[in-house]
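J.: how would this look folded up:
(one chain, ligands or ions: 1)
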Amino acid sequence: MEVIIQPNKEAAASLVSRVIAHELRANPHLVLGLATGKTMERVYRNLVRMHQEEGLDFSLCSTFNLDEYVGLFPTDPNSYRHYMQHHLFQHVNVDRRNTHLPNGIANDLEAECRQYEALIQRFGGIDLQLLGIGKAGHIGFNEPLSALRSRTRVKALTPTTLKQNAALFGNEEKMPRRAMTMGVGTIIEARRCLLLATGESKAEVIAQAVEGPITSMVTASALQLHARCTVVVDEEAASHLKETDYYRWIFENEPEWEEYR
Ligand code: F6R
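T.: Down below sits the predicted model:
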């Protein structure tokens, strides 16, 4: 795992966007794993700008989102399909047929989850998985005690997550109680993982995920097992980390990061 500390939210999101753009330019057929949430909005804004101003080309890439709420139609303004359309897909030249999210209104949710896994395999697996982290330490909607080998499945959302996301639904009562999510096992099979966390509210959980033990209580800690995982944080989200001098030294001295310094 590598930890990159940036001065603020904008700089952190900018670095993540540049890594995605770099990978996409290197491999136009990139299979890109996507996340939703507040933190990612800045990343998508940057990617849209890069498409418009620098011709960043999405025409050959495919995308797989981490998760979708159970029971929401794709047209529902709170669905993650709608989020992706609104923040990214409709502004860039990605082929809609190559954009994938679990279908939250499938009749047979278990079969849908199995098919989603099979589809990821058919596309050759995920090259680059973008991740946020929830206050409960989740990646995707892998809530505390999710098995570290779990696959795509339906999960009940924890009270912490319901509270975190309720504002978007007006109130907590209207929020779906379940979501379909890639499993921790699915996520860590991606060839590269890139996690972005910003703000003071993520500081404690970032410290647990990066410097704490690997535990299903904080599913992001499973990323410590990943051979190529980068965690990008702003100063606020880094504020509970102990080894920041070491992380900064690596970033300053690792040739791979030269173009991002
Ligand atoms: C969403 C997802 C979640 C979010 C996390 C952080 O697709 O997978 O794990 O990344 O809940 O959300 P924000 O950025 O809203 O704090």
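
J.: show me which residues of this protein are close to the ligand?
T.: Taking CB under 6 Å from any ligand atom, the part of the chain that reaches the ligand is made up of 35-39, 66-67, 132-134, 138-140. Any C-beta I mention is one placed from the backbone N, CA and C, and that applies to glycine too.

J.: now a PyMOL select for only the buried ones of the residues you listed.
T.: The buried residues among the residues of the chain next to the ligand can be selected in PyMOL (16 or more other CB atoms under 10 Å) with this line:
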select buried, resi 35+36+37+39+66+67+132+133+134+138+139+140
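
J.: where does this structure get nearest to the ligand, which residue?
T.: residue 132 (2.3 Å; CB to the nearest ligand atom).

J.: contacts for stretch 18-25?
T.: Under the contact criterion CB atoms under 8 Å, 6 or more residues apart in numbering, stretch 18-25 has outside partners 30, 32, 43, 47, 50, 54, 56-58, 61, 127-128, 130, 192, 194, 230, 259-260.

J.: switch to 10 Å and redo it
T.: Stretch 18-25 is touched from outside by 4, 30, 32, 34, 43-44, 46-47, 50-51, 54, 56-58, 60-61, 127-128, 130, 191-192, 194, 196, 230, 232, 257, 259-260, with contacts defined as CB atoms under 10 Å, 6 or more residues apart in numbering.

J.: using CSV, list the CA coordinates for that stretch.
T.: Output of stretch 18-25 as CSV, limited to C-alpha atoms (Å, rounded to 0.1, in the frame of the first residue of the first chain):
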residue,chain,number,x,y,z
ARG,A,18,-4.6,12.2,-13.4
VAL,A,19,-3.8,8.6,-12.5
ILE,A,20,-7.1,7.5,-14.1
ALA,A,21,-6.3,9.6,-17.2
HIS,A,22,-2.8,8.2,-17.4
GLU,A,23,-4.1,4.6,-17.2
LEU,A,24,-6.8,5.3,-19.8
ARG,A,25,-4.3,6.8,-22.2
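
J.: now it: mean pLDDT?
T.: Here stretch 18-25 scores 98 as its mean pLDDT.

J.: mind listing what's buried in it?
T.: 19, 20, 21, 23, 24.

J.: now for the residues you listed, which pair is the farthest apart?
T.: Pairwise distances across the buried residues of stretch 18-25 peak at 9.7 Å for 19 and 24 (criterion: CB to CB).

J.: what's the end-to-end length of stretch 58-75?
T.: 23 Å (CA to CA, to the nearest Å).

J.: please apply the same query to stretch 29-36.
T.: 22 Å.

J.: state the mean pLDDT of it.
T.: For stretch 29-36, mean pLDDT is 98.

J.: just stretch 236-248 next, same as before
T.: Here stretch 236-248 scores 98 as its mean pLDDT.

J.: is the residue nearest to residue 2 when sequence neighbours are not counted bridged to anything, and to what?
T.: Excluding its sequence neighbours, the residue lying closest to residue 2 (CB to CB, 6 or more residues apart in numbering) is residue 230, at 4.9 Å. Legend: beta-bridge partners of residue 230 under DSSP bridges are residue 2, residue 194.

J.: now do the strands in this protein.
T.: Here the chain has its strands, by DSSP state E, at 2-6, 31-34, 62-65, 67-69, 99-100, 128-131, 153-156, 178-181, 192-197, 229-234.

J.: make CSV from these and add distance to residue 246 to it.
T.: Converted to CSV, the strands of the chain look like this (distance: least, CB to CB, whole Å):
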stretch, distance to residue 246
strand 2-6, 9
strand 31-34, 28
strand 62-65, 33
strand 67-69, 33
strand 99-100, 38
strand 128-131, 22
strand 153-156, 34
strand 178-181, 32
strand 192-197, 18
strand 229-234, 13
